[in-house]
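Chemist: Fold the stuff below for me.
(6 chains)
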4 protein chains.
Amino acid sequence: MAKKELIRETAISVMAELGYHESTTDRIAQEGGMAVGTIYNYFRNKEEILQYIFQVEFAKRKKAYEEELASEKPALEKLGSLLEKHFRAIEENILVGKILVREHPKPGGSEINEITKFLEGVPTLIQTLLNKAMENGEIRSCDTELMSAAFFGAVQGMALKAVFTDDENKQKQILQNAPKELMLLFKQGLGR
Amino acid sequence: MAKKELIRETAISVMAELGYHESTTDRIAQEGGMAVGTIYNYFRNKEEILQYIFQVEFAKRKKAYEEELASEKPALEKLGSLLEKHFRAIEENILVGKILVREHPKPGGSEINEITKFLEGVPTLIQTLLNKAMENGEIRSCDTELMSAAFFGAVQGMALKAVFTDDENKQKQILQNAPKELMLLFKQGLGR
Amino acid sequence: MAKKELIRETAISVMAELGYHESTTDRIAQEGGMAVGTIYNYFRNKEEILQYIFQVEFAKRKKAYEEELASEKPALEKLGSLLEKHFRAIEENILVGKILVREHPKPGGSEINEITKFLEGVPTLIQTLLNKAMENGEIRSCDTELMSAAFFGAVQGMALKAVFTDDENKQKQILQNAPKELMLLFKQGLGR
Amino acid sequence: MAKKELIRETAISVMAELGYHESTTDRIAQEGGMAVGTIYNYFRNKEEILQYIFQVEFAKRKKAYEEELASEKPALEKLGSLLEKHFRAIEENILVGKILVREHPKPGGSEINEITKFLEGVPTLIQTLLNKAMENGEIRSCDTELMSAAFFGAVQGMALKAVFTDDENKQKQILQNAPKELMLLFKQGLGR
DNA sequence: AATGAATGAGCTTTCATTCAT
DNA sequence: CATGAATGAAAGCTCATTCAT
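Modeler: Below is the predicted model:
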């Protein structure tokens, strides 16, 4: 279904520029070279588009996570690999990075949606790895729930920094250094 | 001007519950026991209310920052104190915490507004302290710009975790542990 | 609340001309010399306007019914009086007659709304009077439930006829003869 | 052309349930197991489907009317026979009854369409029979135009009652009693 | 200063209809 | 003939903002 993909990509571009709330379905349709109605043949409403964007990104990370899990590396190295992939993905698509970093679900929503799945699911994956690392003695004993929240926050913070840096070179530099620096920080910071 | 303060508090309560976009000026007026028109005697528009909320919070942090700066402690300890104050402030007003952690300016805004002042200003304050700490040899050499972004992100991540934890005891616990754990992580992680 | 009344009257005029479904809120607002938004300060949605129209008319008939009930006349005469009033009301406002005669609730609606209240409530009032008349021996024994359905249908049929008669004189004539003819028909038809 | 018939039947089913305006062409196509486009090979637009439903029903009644006309019975008996057939037809297909009783043309339509043909044509047929009956002295002198409107209205009122009675037994009972009761009412009511 | 009815631009969404396959 | 993705006009409704009182 190339159309759904086209809508997703166009929406990413529009929402990255204007933010979810300022993005109109008309605008997305227009930039995608289609009629508004077409969007609604693939999505039930505007929010579902945003959900789908997160869904796709979460699926990618989930897949990478599972591949890493299956490998033989120490848990901390797995986390490092995932981080590398995450920042590389953002580097390849800054626009999607802007969205991941800025769009939040509307509050009060305890319903399971793709945005919360990302915003809560990713920290959970991190926590699992931290737990493993703790069990293996790779890191010192710590509150992994809190630590994974901090870790994910730090990732988001760095991504935010990168993504809104106008100078492309600097942006690239941040995105490339971020995973290393972050792993260094945590490896050392949680070292025994 | 007690009215402006009343509006600010009511808006915090409403926006924490519904989020900025779902919060209507009518609702804020109603919950504040006033007419919509009154709001517009104190704010030019809805966004300005949100800006004001951030402004007040930023001012508090700025003040604390300047007090700390004037003291004789090592930079890292100053940072720790600020962190303590930040989480204590959130503990005292969870609602405002929800807002600080979730509301972002609309993108593309390079205009200097109170939200970006908070979201960029606070990391800048952090960076200044990290720079000092680096100069003093309290921490190892590192990219403080990146590190402060990570630091602020981690703070936000932990606050997010706390603020949307329903169990009040756990919430309190997170808010109280967060600054310690975070300082420990960074002190060790950026140790020489 | 003169505004609500203005909206009701304008809506009657528009809906009588175009029918409920072809009537747009924009059009009603325009013909009422107000903004669309104003309508929504008095009604939650378009349908509620129609409901309100029926509500007002039903209330009038209900009131007349209760006045008649309190009187000393034989039941059949009461029915006759009500009929007179009904057709006189239509004569005084053909537009509202068009609506009463043509707009139906959307099906599946078992919810109690003002339209069904009219369409089912009025026959019920009629039935009550027929029951009284039967008890008093004014009319022969019959299935009053069925008979009231027929009676109300006949009323609606005659009103429909009148209301879509273009010739004003003929229209007036129908509206004036209808109650007499109908009462004659039923008095004789249900005579013993 | 079995397809057109299939569309008619499916549309009856959908429109009886949802009403004309809530019925979508997509839904009709889906329930008929065909594509939307197919509908438009047989009908120019959605309204034409409804028109066709009325057309078929009107044709049936017209045919029955002509058969009766050719017979030797007194006019009033002919009317009675038609009535029997009408209610029997509804009994055999409640769904179509719901439509006949509830869907009206959009107002202002002086164009000759199948719905007005039914809604005005049937009373006209009735009137012709009433005229005959009057000429033959079967009934007293009366305004047959008005009387036929009342008659048709009464029929519709009873059909409405039946068609929205959930209890199937009661429904059947109404449909079977209706023609008798109605003829009795009018025979006696218009008796000399 | 406070009020709150009025405003109307602007948004999301629907759905009858078309037409290339 | 059948299909069904694409269309886009048009509708209902919201809500930040204004301003006469």
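Chemist: rest of the way, CA atoms for contacts and neighbours
Modeler: Noted.
Chemist: ok, the closest residue to chain D within chain A to A:Lys4 distance?
Modeler: In chain A, the residue that lies nearest chain D is A:Asn41 (12.5 Å; C-alpha to the nearest C-alpha). Plainly put, A:Asn41 is 9 Å away from A:Lys4 if you go by C-alpha to C-alpha, to the nearest Å.
Chemist: Give me the spatial nearest neighbour of whatever residue of chain A ends up closest to chain B, chain neighbours excluded.
Modeler: Across chain A, the shortest distance to chain B (C-alpha to the nearest C-alpha) belongs to A:Gly189, at 3.3 Å. Nearest non-adjacent residue to A:Gly189, counting by C-alpha to C-alpha, 6 or more residues apart in numbering or on different chains: B:Gly189, 3.3 Å away.
Chemist: what kind of secondary structure is A:Asp166 in?
Modeler: Three-state call for A:Asp166 (DSSP: H, G, I helix; E, B strand; the rest coil): coil.
Chemist: how close does it get to A:Ile94?
Modeler: For A:Asp166 relative to A:Ile94 (C-alpha to C-alpha), the value is 11 Å.
Chemist: Can you report how many residues lie near the residue nearest to A:Gly189?
Modeler: 21 (other C-alpha atoms under 10 Å in any protein chain shown).
Chemist: That one: what's it in contact with?
Modeler: A:184-190 (C-alpha atoms under 8 Å, 6 or more residues apart in numbering or on different chains).
Chemist: Need the max-distance pair from those.
Modeler: Using C-alpha to C-alpha, those span at most 9.8 Å, a distance reached by A:Leu184 and A:Leu190.
Chemist: Check what pLDDT A:Arg88 gets.
Modeler: pLDDT, A:Arg88: 97.
Chemist: I'd say it and A:Leu175 touch.
Modeler: Yes - contact status for A:Arg88 versus A:Leu175: in contact at 7.3 Å, counting by C-alpha atoms under 8 Å.
Chemist: For chain A, what lies in contact range of DNA strand F?
Modeler: Within chain A, the residues that sit near DNA strand F (C-alpha under 7 Å from any atom of the strand) are A:3, A:33-41.
Chemist: Those residues also near chain C: which ones?
Modeler: Checked against chain C using C-alpha under 8 Å from any C-alpha of the partner chain, the residues of chain A next to DNA strand F give no members in range.
Chemist: coming back round to it: quick one, which of A:Asp166 and A:Ile94 is more surrounded?
Modeler: Taking other C-alpha under 10 Å, A:Asp166 and A:Ile94 do not tie; A:Ile94 has more neighbours (21 against 9).
Chemist: Look up how far DNA strand F lies from that one.
Modeler: Look at A:Ile94 and DNA strand F: by C-alpha to the nearest atom of the strand, to the nearest Å, they are 27 Å apart.
Chemist: ok, which stretches of chain A are helices?
Modeler: A:2-18, A:25-31, A:36-42, A:46-70, A:75-92, A:94-102, A:114-135, A:144-163, A:168-189 (DSSP state H).
Chemist: follow-up on the earlier one: how many residues are close by the residue of chain A closest to chain D?
Modeler: A:Asn41, neighbours per other C-alpha under 10 Å, totals 11.
Chemist: how distant is stretch A:106-125 from the center of its chain?
Modeler: Taking C-alpha atoms, centre = their mean, to the nearest Å, one finds the center of stretch A:106-125 at 12 Å from the center of the full chain.
Chemist: Stretch A:19-33 now?
Modeler: With C-alpha atoms, centre = their mean, you get 22 Å for stretch A:19-33.
Chemist: And chain A, what are its domain boundaries?
Modeler: A:1-43, A:54-189 (automatic domain parsing).
Chemist: any residue of the first one up close to chain B?
Modeler: Yes - Domain A:1-43 reaches chain B (C-alpha under 8 Å from any C-alpha) through A:16-19, A:21.
Chemist: which among those gets closest to A:Leu82?
Modeler: A:Ala16 (23.5 Å).
Chemist: does that closest one really touch A:Val101, like I thought?
Modeler: No - counting by C-alpha under 8 Å, A:Ala16 does not reach A:Val101; the two are 10.0 Å apart.
Chemist: And these two? Which one has more around it.
Modeler: A:Ala16 (23 against 19).
Chemist: Give me the buried positions along stretch A:26-43.
Modeler: A:27-29, A:32, A:34, A:36, A:39, A:43 (16 or more other C-alpha atoms under 10 Å in any protein chain shown).
Chemist: got the residues of chain A near chain B?
Modeler: Counting by C-alpha under 8 Å from any C-alpha, chain A sits next to chain B at A:16-19, A:21, A:102, A:104, A:106-108, A:146, A:149-158, A:161, A:174, A:178, A:182, A:184-191.
Chemist: Can you go through these and name the buried ones?
Modeler: Judged by 16+ other C-alpha under 10 Å, buried ones among those: A:16-19, A:102, A:104, A:106-107, A:146, A:149-158, A:161, A:174, A:178, A:182, A:185-190.
Chemist: measure the residue of chain A closest to chain B to chain C for me?
Modeler: 58 Å (C-alpha to the nearest C-alpha, to the nearest Å).
Chemist: and if you look at A:Glu72?
Modeler: 62 Å.
Chemist: and if you look at A:Ala75?
Modeler: A:Ala75 is 57 Å from chain C, by C-alpha to the nearest C-alpha.
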